[in-house]
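Chemist: Give me a model of this one.
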Amino acid sequence: MPLAVTDKLNSMNKYTFDDAGVKRWLRDLYNSTVEFQMMEQKLILLCLRSWLMSRFELSESQVDYIISLSADFKNNLAQQIAFAINNQADITLDKQTNEKNTSTFPRDSVKVTEYESNKIQSDTPEIPVESEANEIFNRRLEGHLIVRIYYTLL
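Modeler: The predicted structure follows:
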């Protein structure tokens with residue numbers, strides 16, 4: 001890894017682990033070089049847990065929860081995040097609260113995590129015939145990755 005990219009990765013701020021923090025991280029990331037974006041994707045795919053801990057301010061219970069997730073889930077989520085970055089898609093972190101159990105002090109403990117992505121591929125013509133050779137062949141992928149975290153107030 002080139003020294004300049006390593007320095008940039010190390011100097012990138014830690015962001016709050018909420019939708020506003022994710023938006024700031026994405027803005028900074030998408031305003032960076034393609035090389036930097038590729039390095040960020042590699043870090044995400046290498047170890048989602050380490051990447052989350054280095055990029056976002058997490059509570060001890062959030063770190064414990066990330067560690068407890070299955071390897072398959074973390075791998076799939078990492079691939080979805082890398083895919084979104086590769087296509088410069090929006091990523092939303094949606095923290096929702098289940099208020100069935102209430103108390104005066106909400107605990108910061110994640111009970112269920114799920115994610116969804118909405119990938120939409122535009123209409124693309126078949127391989128053009130010779131008479132249409134001058135037409136621009138445009139294949140565009142749009143998407144929005146939503147990571148939902150559900151908390152229960154105890």
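Chemist: so where does the closest residue in space to Asp19 that isn't next to it in sequence fall, helix or strand?
Modeler: The shortest distance from Asp19 to any non-neighbouring residue, by Cβ to Cβ, 6 or more residues apart in numbering, is to Leu93 (4.9 Å). For the C-beta atoms, the positions are set from N, CA and C on the backbone; glycine is no exception. Element membership of Leu93, judged by DSSP states H and E, is strand 90-98.
Chemist: now swap in Gly143 and tell me
Modeler: Assigned by DSSP H and E, Gly143 belongs to strand 141-152.
Chemist: Can you point out the buried residues in the helix or strand where Ala20 lies?
Modeler: Assessed by DSSP H and E, Ala20 sits inside helix 19-30. Of all the residues in helix 19-30, those buried under the rule 16 or more other Cβ atoms under 10 Å are Gly21, Val22, Trp25, Leu26, Leu29.
Chemist: can I get those residues in TSV with distance to Ile44 and pLDDT?
Modeler: Supplementary listing: those in TSV, determined by distance: Cβ to Cβ, whole Å; pLDDT from 0 to 100:
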residue	distance to Ile44	pLDDT
Gly21	16	94
Val22	13	93
Trp25	12	96
Leu26	13	95
Leu29	11	96
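Chemist: ok, now how distant is Arg55 from Thr16?
Modeler: As judged by Cβ to Cβ, to the nearest Å, Arg55 and Thr16 stand 11 Å apart.
Chemist: more crowded one of the two?
Modeler: Neighbour comparison, Arg55 and Thr16: the larger count goes to Arg55, with 21 against 14 (by other Cβ atoms under 10 Å).
Chemist: so who does Tyr15 touch?
Modeler: Tyr15 sits next to Gly21, Val22, Arg24, Trp25, Arg55, Phe56, Glu57 when contact means Cβ atoms under 8 Å, 6 or more residues apart in numbering.
Chemist: partners of it in the sheet?
Modeler: Judged by DSSP bridges, the bridge partners of Tyr15 are Phe56.
Chemist: Could you check the pLDDT of it?
Modeler: According to the prediction, Tyr15 has pLDDT 96.
Chemist: just the one 4 residues further on next, same as before
Modeler: Looking at Asp19, its pLDDT reads 90.
Chemist: Surely it touches Gln96?
Modeler: No. At 11.2 Å, Asp19 and Gln96 do not qualify as touching, with contact defined as Cβ atoms under 8 Å.
Chemist: show me where this structure has helices.
Modeler: Per DSSP state H, the chain carries helices over the ranges 3-11, 19-30, 34-46, 48-55, 60-68, 71-86.
Chemist: Thank you kindly, that will do.
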